[in-house]
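Enquirer: with the input below, show me the fold.
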Amino acid sequence: MNTRQAIEWAGTELSGLEDPRLEAELLLAYVLDCDRSRINAYPEQQLNHHEEQRYRVLIRRASRLEPLAYLTGKKEFFGHSFLVNRQVLIPRPETEELVELALQKIEKHGFRRILDVGTGSGAIALSLAAESPAPLTIDAIDKSVMAIKVAGMNRIRIRPAHEDTSVNLIASTLDAFQGNDYDMVVSNPPYIPSAEITALAEGVREYEPHLALDGGTDGLDIYRLLAKRLPTILADGGICLCEVHSPLASETAELFKDSCPGSSVTVHKDLQGRLRIIEISGVRRLLL
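Expert: Sure thing, here's the model as predicted:
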């Protein structure tokens, strides 16, 4: 089987996907450890037995809607290649906008101590570390021990921009961090209402960890906890940035306004015009 024949066969096997040829080419490039351009430039290149068998296995998995990121074990995010597996949520492009906003706040206010809640693969924390020229201390927490292990592998691969920056990966819940003075709290928490999980795209529903998706009955469980804990973990003048479920953005904003009296709550739109990031500032510090 040559590359042209492989792509044609895979395209038929993946006919149920949105762009079967693209998926076929990306997976063949992964198997051959080359760029897509090389595949198209050399359509007569022969696959050896091992390559062909490996490709067939991946295509069959893809035909069952397993996400490409899990098939290749990696996902590009904010210019870096992150290792991923089914223990962590696949980083989304829209979350890059949260990182961009956080970097702006870090530069503007001179923030140095950051808490990343629900770090997963470490995409947010490690991107901040890699892109900020200032020395940061980032505590990245997740209740999943397996997620922290994935983040640990990514920490080895993605180095901070400043030699004094540290990213501490901790398997923990937010309750253990009361009494701290973080300049910024960032989070892309689970925010899908439990009843809506079954309506998610099959590839998401069947393969991505529900722990990172299910936000409880109304999707607001983690936000209630954050709103309750912010006065005990955020320093005076600190800011909290969270990604939100667009249909629940207004309810999420009201929750923070009610739980953090006197705070300023702003909801930012993403590049698609959807309500995406909630910013909470002016939270009154509560000493324990």
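Enquirer: lowest average confidence, helix or strand, in the protein?
Expert: Counting by mean pLDDT, DSSP states H and E, the weakest-scoring helix or strand in the chain turns out to be helix 36-41, with a mean of 89.
Enquirer: I'd assumed residue 69 was in a helix, is it?
Expert: Yes: counting by DSSP: H, G, I helix; E, B strand; the rest coil, residue 69 is part of a helix.
Enquirer: wait, what's in contact with it?
Expert: Counting by CB atoms under 8 Å, 6 or more residues apart in numbering, residue 69 makes contact with 75, 84, 90. C-beta coordinates here come from the backbone N, C-alpha and C atoms, glycine included.
Enquirer: same deal with residue 59?
Expert: 9, 10, 13, 14, 24, 27.
Enquirer: buried residues in the strand or helix carrying residue 223?
Expert: Assigned by DSSP states H and E, residue 223 belongs to helix 221-233. When burial is assessed from 16 or more other CB atoms under 10 Å, helix 221-233 yields the following buried residues: 221, 222, 223, 224, 225, 226, 227, 229, 230, 231, 232, 233.
Enquirer: dump these to TSV, plus pLDDT and distance to residue 63.
Expert: Formatted as TSV, those follow (pLDDT from 0 to 100; distance: CB to CB, whole Å):
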residue	pLDDT	distance to residue 63
221	95	35
222	94	34
223	96	37
224	95	40
225	94	39
226	94	40
227	93	43
229	93	44
230	94	45
231	93	50
232	92	49
233	94	45
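Enquirer: any idea which of these is closest to residue 265?
Expert: residue 227 (10.0 Å; CB to CB).
Enquirer: pLDDT weak spots in the stretch 151-288 of the chain?
Expert: The model of the stretch 151-288 of the chain has pLDDT under 70 over residues 287-288.
Enquirer: please list all residues in contact with residue 4.
Expert: Per CB under 8 Å, 6+ apart, neighbours of residue 4: 43, 44.
Enquirer: tell me which strands and helices the helix or strand where residue 156 lies is in contact with?
Expert: Using DSSP H and E, the element containing residue 156 is helix 145-157. Secondary-structure packing of helix 145-157 (3 or more CB pairs under 8 Å, 6 or more residues apart in numbering; DSSP states H and E): strand 80-83, helix 123-131, strand 137-142, strand 166-171.
Enquirer: then stretch 88-106 to CSV, C-alphas only?
Expert: Extracted in CSV, the C-alpha atoms of stretch 88-106 (Å, rounded to 0.1, in the frame of the first residue of the first chain):
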residue,chain,number,x,y,z
VAL,A,88,-7.4,14.9,30.7
LEU,A,89,-9.6,17.2,28.7
ILE,A,90,-8.3,18.1,25.3
PRO,A,91,-7.2,21.8,25.3
ARG,A,92,-9.5,24.0,23.2
PRO,A,93,-8.5,27.0,21.1
GLU,A,94,-10.9,29.2,22.9
THR,A,95,-9.1,28.6,26.2
GLU,A,96,-6.1,30.3,24.6
GLU,A,97,-8.0,33.5,24.9
LEU,A,98,-8.1,33.0,28.7
VAL,A,99,-4.3,32.6,28.7
GLU,A,100,-3.9,35.7,26.6
LEU,A,101,-6.0,37.8,29.0
ALA,A,102,-4.2,36.4,32.0
LEU,A,103,-0.8,37.3,30.4
GLN,A,104,-2.1,40.9,29.9
LYS,A,105,-3.2,41.1,33.6
ILE,A,106,0.2,39.7,34.7
